[in-house]
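Colleague: have a look at this fold, sequence not included:
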């Protein structure tokens, strides 16, 4: 009698439900849970958060809210009280704290009375503001006054949220073991996400440690901030001149250490990426820089990003490491190559071409801004593609005009340094 081959006899898995297999009795899934315990509730002050102990963090995302009006000419209104015909339009004045104040009447409508209250409608980013009719002429509104405190908190751009009364943008900062591992202005966090093709939502401050674009790597979490040994991570959030500020958010984490197995031996690894930012004055022409300018000691360079005050005027980059020329090309060609690997430097797309004229996009996404140029040794996403130098790092930046430039530097210190 011939043998009948079945799926089971061929070694195929059973289709019957099986229990989830875990390692060491633990489920291996990453966790997304709310951030709790943020200390702070006032504008123009530094709020803080200490991360829970004994976790490995892939990233944290802070959600920022405050009164956030943009304003426009001739904005529509809707009556809250009274018998007006909803034809009243106003042009509000927006304060330095993004709150409506006085307003100029554009169209006075009809049927209104003194004391009537109206809602201001259709702002690109704000909500809740109300005005009281303070003067009318035969039912036509001639003056209004803002109802103090009526505007409500909505999502707000991180740069606005962290800008103080003196106009200085505070740096949201991440310290691990009392060492600054992230210390850059708020807009750099946003721009850095946009550079790898991610558009943070309006009001998001994303701080990624294990980056999304590297997820295809087997060791994609090796740059996660591993605090499973009890190391302390503290985040400082310098809230600026805003009204009704609030910060919430969530954590992406698990409870497993970063490890590496070689010849059957497993050991812990510490491979965090540190961010810092420096200002550089670029001359018209060539500006030579070195490791002293970048203030990074001998830490290997993972990535370096350049943002000129005059967009599009950084024209060439030259990089030499211990006598080995790593880069010597016009920025236009460098960026073309990087863009093939998914990096973004302003190539037209639906969002960046339409956000200026679309209140829907403005309310959904953080403002769009791109770096002018970059040095990306690891543009293929592999961690080991770093600029490791001994005694001689030379970077020459060529600019078409004299300008100030911000340089975001990512280094691999090999630990909490």
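Modeller: Thanks, I have it. For clarity, every value in this text was computed on a predicted model and none was experimentally measured.
Colleague: relative to the whole chain's centre, how far out is the longest strand seen in the chain?
Modeller: For the chain, the longest strand by residue count, based on DSSP state E, is strand 56-66. In terms of Cα atoms, centre = their mean, to the nearest Å, the gap separating the centre of strand 56-66 from the centre of its chain is 9 Å.
Colleague: can you give me the buried ones in the helix or strand that it is followed by?
Modeller: Downstream of strand 56-66, the next assigned helix or strand under DSSP states H and E is strand 75-79. Along strand 75-79, these residues count as buried under the neighbour rule (16 or more other Cβ atoms under 10 Å): 75-77, 79. Every C-beta, even on glycine, is put in place using the N, C-alpha and C of the backbone.
Colleague: quick one on the thing from earlier: state the mean pLDDT of the longest strand of the chain.
Modeller: Mean per-residue pLDDT for strand 56-66: 97.
Colleague: same check, this time on stretch 390-398
Modeller: The average pLDDT for stretch 390-398 rounds to 91.
Colleague: and the contacts of it?
Modeller: Outside stretch 390-398, the residues that touch it by Cβ atoms under 8 Å, 6 or more residues apart in numbering are 280, 282, 285-291, 294, 298, 301, 304, 306, 314-323, 373, 375, 387, 405.
Colleague: select only the buried ones of those in PyMOL?
Modeller: Per 16+ other Cβ under 10 Å, the buried members of those correspond to this PyMOL selection:
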select buried, resi 280+282+287+289+291+294+301+304+306+314+315+316+317+318+319+320+321+373+375+387+405
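Colleague: filter the contacts of stretch 390-398 down to the ones in helices?
Modeller: 291, 294 (DSSP state H).
Colleague: mind checking which of the contacts of stretch 390-398 land in strands?
Modeller: With strands taken from DSSP E, the overlap with these comprises 280, 282, 285-290, 301, 304, 306, 314-321, 373, 375, 405.
Colleague: state the distance from the residue nearest in space to the middle of the chain to residue 70.
Modeller: By Cα atoms, centre = their mean, the chain has its centre lying nearest to residue 190, at 2.7 Å. Separation of residue 190 from residue 70 (Cβ to Cβ, to the nearest Å): 17 Å.
Colleague: returning to what we had before: list the strands paired with the longest strand of the chain, with their directions.
Modeller: Here strand 56-66 is paired, per DSSP bridges, with strand 154-155 (antiparallel), strand 204-208 (antiparallel), strand 225-226 (antiparallel), strand 246-254 (antiparallel).
Colleague: what residues does the last one touch?
Modeller: By that I understand strand 246-254. So strand 246-254 is in contact with 28-35, 38, 40, 47, 51-52, 55-66, 153, 205, 237, 239, going by Cβ under 8 Å, 6+ apart.
Colleague: after that strand, heading C-terminal, what element do we hit next?
Modeller: strand 259-262.
Colleague: show me what that following strand is packed up against.
Modeller: Helices and strands touching strand 259-262, by 3 or more Cβ pairs under 8 Å, 6 or more residues apart in numbering; DSSP states H and E, are strand 265-268.
Colleague: chain center to the strand it packs on, what's the gap?
Modeller: In terms of Cα atoms, centre = their mean, the centre of strand 265-268 is found 34 Å from the chain centre.
Colleague: many thanks, I have nothing further to ask.
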